[in-house]
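J.: Sequence and predicted model, in that order:
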Amino acid sequence: MAGQSLPLRIMVSRHAAFYSPLIAGVAAGFFAEEGFAPTYAVVPAGTTVAQHIASGEVDVVQSAVSASWVALERGQPSPLAHFAQVNQRDGFFLAARDGTGTFRWEQLRVGGFLYVHGGQPQAMLAYALHRKGIELSELQGIHRGSTQEMLQAFRAGEGAWFHEQGPYPQQLETEGVARVVAAVGEVIGPVAFSSVAATRDWARGPAAPRFMRAYRKARAWVNSAPPAEVAAREAGFFPGISPGALTRAIEAYQNLGTWSGDVAIEREPYERALDVFAHSKLITRRHPYEEVVIAPPDA
């Protein structure tokens, strides 16, 4: 598609192997095949992808339907139109410092728990624990900020349990300081966790169908290709992470069904996400699907 190269400015809310459909779109050339010149950036600290979309600084973001509920709760329209799912499961793992024995969820009551605080990660964790008969407030939570700060604290001996997306728990496992023992996504099941979003104007524009063609291919590829092959393509996006840890994270996500199913955000997982946020009292009403989700631009 010579002469038709278009900028494609992608920004993500979090950076993890969990978001491999977007990462692989860049790393494995799927967006380039559709004539895009893609860039990939993690949202700067203290800002949101919604702010960057609204300002016109980026074209497409990795977000979550729940991000639009923040604006709707304030009585404001959301700048985000969510048109495709990245993941249909929670992507956080639990790792234990003690690598022996069979894991039981009630064991989390003993020992400090380094978990991702705030927003959707905490809400999903609280919901999964509740389904296991445990309240998050019962646990000895430790808040250490960013992923790198959490990793540093755990490596230094703080906490008995670690909660993050892959490949970070798998990296701790590679280093011999932890063992991955559970996946939150197995407890909650299908849920509208993370999504691809843009402005409604962009989603109606000529670039959107081309984006979707590439994105569908990238998502299908990361779901079916050998994990080591996906990891090799994405390695440059994960400095400091061993190839084995990245491979195991991708394999775990494939086995979990994280990237399976159609790319459209369906109503049932959207409603389950509402259940999760209602449990943590992060929403005051059930925001209608039609106010948040649109069909994929090539539908």
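T.: That came in fine, so what should we check first? Residues are numbered from 1 along each chain as shown.
J.: end-to-end on stretch 73-92?
T.: End-to-end distance of stretch 73-92 (C-alpha to C-alpha, to the nearest Å): 26 Å.
J.: now it: how far from the chain's centre is it?
T.: In terms of C-alpha atoms, centre = their mean, to the nearest Å, the centre of stretch 73-92 is found 11 Å from the chain centre.
J.: That stretch: which residues count as buried?
T.: In terms of neighbour count (16 or more other C-beta atoms under 10 Å), stretch 73-92 has its buried residues at 78-92. The way it works is simple: take the backbone N, C-alpha and C, and place the C-beta from them, glycine included.
J.: Rounded mean pLDDT for the helix or strand hosting Val222, please.
T.: Counting by DSSP states H and E, the secondary-structure element that holds Val222 is helix 207-224. The average pLDDT within helix 207-224 is 97.
J.: could you say what helices and strands the helix or strand following that helix packs with?
T.: Toward the C-terminal end, the helix or strand that comes next after helix 207-224 (DSSP H and E) is helix 227-234. When contacts are defined as 3 or more C-beta pairs under 8 Å, 6 or more residues apart in numbering; DSSP states H and E, helix 227-234 packs onto helix 20-27, helix 243-256.
J.: quick check: mean pLDDT across the longest one?
T.: I take that to be helix 243-256. Taken as a whole, helix 243-256 carries a mean pLDDT of 98.
J.: hey, where'd the helices end up in the stretch 101-250 of the chain?
T.: Listed in chain order, the helices of the stretch 101-250 of the chain (DSSP state H, counting those that start in this stretch) span residues 119-131, 147-155, 168-174, 184-188, 200-203, 207-224, 227-234, 243-256.
J.: Dump the ones you listed into JSON lines; add mean neighbour count and distance to Leu22 as well.
T.: Conversion of these to JSON lines gives the following (neighbours: other C-beta atoms under 10 Å; distance: least, C-beta to C-beta, whole Å):
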{"stretch": "helix 119-131", "mean neighbour count": "21", "distance to Leu22": "17"}
{"stretch": "helix 147-155", "mean neighbour count": "17", "distance to Leu22": "18"}
{"stretch": "helix 168-174", "mean neighbour count": "24", "distance to Leu22": "18"}
{"stretch": "helix 184-188", "mean neighbour count": "20", "distance to Leu22": "18"}
{"stretch": "helix 200-203", "mean neighbour count": "16", "distance to Leu22": "16"}
{"stretch": "helix 207-224", "mean neighbour count": "20", "distance to Leu22": "7"}
{"stretch": "helix 227-234", "mean neighbour count": "20", "distance to Leu22": "11"}
{"stretch": "helix 243-256", "mean neighbour count": "22", "distance to Leu22": "13"}
